[in-house]
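**Student:** this one's structure only:
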């Protein structure tokens, strides 16, 4: 049974979309830790993820800390912040991910990683990034196989792009999406009480009228895409000044929703 779980990643692993900066972010990694604690009440959990981080930043900033914590279970979710930036090179990002897989598995840790869904089906304006996702996913599958890393392959699951799986910004999973992904990892680990119901498609909904769909796209562009583009143009990141919300291995309790840390300069 696992006793030391460390999560590495960006905003998805930090838990954005499942809570807020006032009440705290829960997210799939916290939800998984809670399931681990039900199987082993003595489990310790650290979450090193910070929103906005690209794969190389996660390797350089989080991997050394993770190795010092000596996990027997580690999750690595990284790369989507690279996909949506200019100059993306799938081979370079995959090599960074493989660095993390190799270092963590070399210590004996069981490592879990993930492929990314079709972001063009989630946000139509992101369709141009689909070839990048396909390229990176293929390289992630190969790297995971080389290092004996357990892969949660989300891309083939069409329900993963359902709007109910995503928060209104379409960048972060909704509470439903976070819960489903936590259940997928629990199932892959064979935790007591886990099963394959996480793969069950959501009930079908009627298609919205064209005018409503168009209005939704315009509202998303103004509310979320515009500010994101503005930060990129200014060279800013949503993670500037932030640190990990749970940098140390500590017991899992029933109140593990905590806001992300901020540096003293923030």
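**Tutor:** Cool, the structure landed. Since this is a predicted model, take the numbers as computed values, not measurements.

**Student:** any regions of the stretch 51-200 of the chain where pLDDT drops low?
**Tutor:** Screening the stretch 51-200 of the chain residue by residue with the criterion pLDDT under 70, one finds the ranges 125.

**Student:** for it, what spans make up the strands?
**Tutor:** Taking DSSP state E, counting those that start in this stretch to define them, one finds strands in the stretch 51-200 of the chain at 73-77, 110-114, 150-152.

**Student:** would you reformat those as JSON lines and include distance to residue 204 and mean neighbour count?
**Tutor:** (C-beta placed from N, C-alpha, C; glycine too.) Shown next, in JSON lines, are the strands of the stretch 51-200 of the chain (distance: least, C-beta to C-beta, whole Å; neighbours: other C-beta atoms under 10 Å):
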{"stretch": "strand 73-77", "distance to residue 204": "28", "mean neighbour count": "26"}
{"stretch": "strand 110-114", "distance to residue 204": "25", "mean neighbour count": "23"}
{"stretch": "strand 150-152", "distance to residue 204": "24", "mean neighbour count": "17"}
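
**Student:** tell me which of these lies nearest to residue 247.
**Tutor:** Checking those against residue 247 by C-beta to C-beta gives strand 73-77 as the closest, at 14.7 Å.

**Student:** tell me what angle that closest one forms with strand 110-114.
**Tutor:** Strand 73-77 and strand 110-114 meet at an angle of 20 degrees, taking axes from the mean of the first three to the mean of the last three C-alpha atoms, to 10 degrees as the criterion.

**Student:** gap between strand 73-77 and the chain center?
**Tutor:** From the chain centre to the centre of strand 73-77 is a distance of 10 Å (C-alpha atoms, centre = their mean, to the nearest Å).

**Student:** which secondary structure elements does that strand contact?
**Tutor:** Strand 73-77 sits against strand 4-9, helix 11-14, helix 27-39, helix 90-106, strand 110-114, with contacts defined as 3 or more C-beta pairs under 8 Å, 6 or more residues apart in numbering; DSSP states H and E.

**Student:** measure residue 107 to residue 25 for me?
**Tutor:** Counting by C-beta to C-beta, to the nearest Å, the gap between residue 107 and residue 25 amounts to 28 Å.

**Student:** about what we covered before: can I get the helices and strands packed on strand 73-77 in TSV with distance to residue 243?
**Tutor:** Below are the helices and strands packed on strand 73-77 laid out as TSV (distance: least, C-beta to C-beta, whole Å):
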stretch	distance to residue 243
strand 4-9	14
helix 11-14	11
helix 27-39	16
helix 90-106	19
strand 110-114	23
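
**Student:** of all those, which lies closest to residue 242?
**Tutor:** Evaluated with C-beta to C-beta, those place helix 11-14 nearest to residue 242, the distance being 8.6 Å.

**Student:** tell me which helix or strand comes right after the closest one.
**Tutor:** Downstream of helix 11-14, the next assigned helix or strand under DSSP states H and E is strand 19-20.

**Student:** average pLDDT across that next one?
**Tutor:** Strand 19-20 shows a mean pLDDT of 86 in the predicted model.

**Student:** which strands or helices does it pack on?
**Tutor:** Other elements packing on strand 19-20 under the criterion 3+ C-beta pairs under 8 Å, 6+ apart are absent; no helix or strand qualifies.

**Student:** and residue 107 and residue 25? Which one has more around it.
**Tutor:** Taking other C-beta atoms under 10 Å, residue 107 and residue 25 do not tie; residue 25 has more neighbours (26 against 13).

**Student:** what pLDDT does the more buried one get?
**Tutor:** According to the predicted model, the pLDDT of residue 25 comes to 91.

**Student:** distance of it from residue 136?
**Tutor:** The separation that residue 25 has from residue 136, given C-beta to C-beta, amounts to 25 Å.

**Student:** same question, residue 207
**Tutor:** When C-beta to C-beta is applied, the distance between residue 207 and residue 136 equals 30 Å.

**Student:** so which of these two has more stuff around it?
**Tutor:** Neighbours of residue 207 and residue 136, each counted by other C-beta under 10 Å, are more numerous for residue 136; the result is 25 against 8.
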